[in-house]
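Trainee: pasting a predicted model and its sequence here:
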Amino acid sequence: MFVSARSDYALRAMLAVAAASGRDDDKVGELVKAASLAEVQDIPLSFLQGILLDLRRAGLLDSHRGADGGYTLTRPPDEITVGDVLRAVGGSLTTVRGLPAERAGYHGVAAGLTDVWRAVHGAIATVVDSTTLANLLTHPSTTR
């Protein structure tokens, strides 16, 4: 698995929105502006805007226009996984030669590699699909 800058930025932005919005089941919470996210997370604004668009299209963020506009989560942080975010901005979790791992095919002595790449993909999916934004927000930092 290769974690691109785009994936890293997307997760950092989603965590910042989740932390700032204080979202629970019965309120929308505080709107977070793209410029604020870019500044706080040290992400180039023009790059972040494309990421936020992908996250909105994937149904993970709502956007509100206007001077008081910004972004909020569409669901509570405990219902959005790291895997949801990674897939929204990067597609497949693992790739082999640019193809999703499950499509990698080999023959002859290399045939066993197909099973290895599928197992790697499964292991990564298990971790990222069981880790929510809420888990990350409540996890104490080990580096300061």
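Mentor: Cool, got the structure. Numbers count the residues shown, from 1 in each chain.
Trainee: going forward, measure contacts and count neighbours with C-alpha atoms only.
Mentor: Noted.
Trainee: direction included, what does the lowest-mean-pLDDT helix or strand in the chain pair up with?
Mentor: Within the chain, no helix or strand scores below strand 99-100, which has a mean of 81 by mean pLDDT, DSSP states H and E. With DSSP bridges as the test, strand 99-100 is paired with strand 95-96 (antiparallel).
Trainee: distance of the residue lying farthest from the centre of the chain from residue 66?
Mentor: Ranked by distance from the centre of the chain (C-alpha atoms, centre = their mean), the top residue is residue 108, with 37.1 Å. Separation of residue 108 from residue 66 (C-alpha to C-alpha, to the nearest Å) stands at 60 Å.
Trainee: in contact with the residue nearest the centre of the chain, which residues?
Mentor: Central residue of the chain (C-alpha atoms, centre = their mean): residue 85, 2.3 Å from the mean position. Contact analysis of residue 85 by C-alpha atoms under 8 Å, 6 or more residues apart in numbering lists 7, 10-11, 55, 60.
Trainee: excluding chain neighbours, give the residue nearest to residue 105 in space.
Mentor: In space, and not counting its chain neighbours, residue 105 is closest to residue 114: 5.9 Å by C-alpha to C-alpha, 6 or more residues apart in numbering.
Trainee: distance-wise, check the one you found relative to residue 87.
Mentor: Look at residue 114 and residue 87: by C-alpha to C-alpha, they are 21 Å apart.
Trainee: who's more crowded, those two?
Mentor: residue 114 (18 against 14; other C-alpha atoms under 10 Å).
Trainee: wait, residue 137 touches residue 15, no?
Mentor: Yes: assessed by C-alpha atoms under 8 Å, residue 137 is found in contact with residue 15 at 7.1 Å.
Trainee: between the two, what contacts are shared?
Mentor: Counting by C-alpha under 8 Å, 6+ apart, residue 137 and residue 15 have no contacts in common.
Trainee: more neighbours, the two?
Mentor: Using other C-alpha under 10 Å, the more surrounded residue of residue 137 and residue 15 is residue 15, with 20 against 15.
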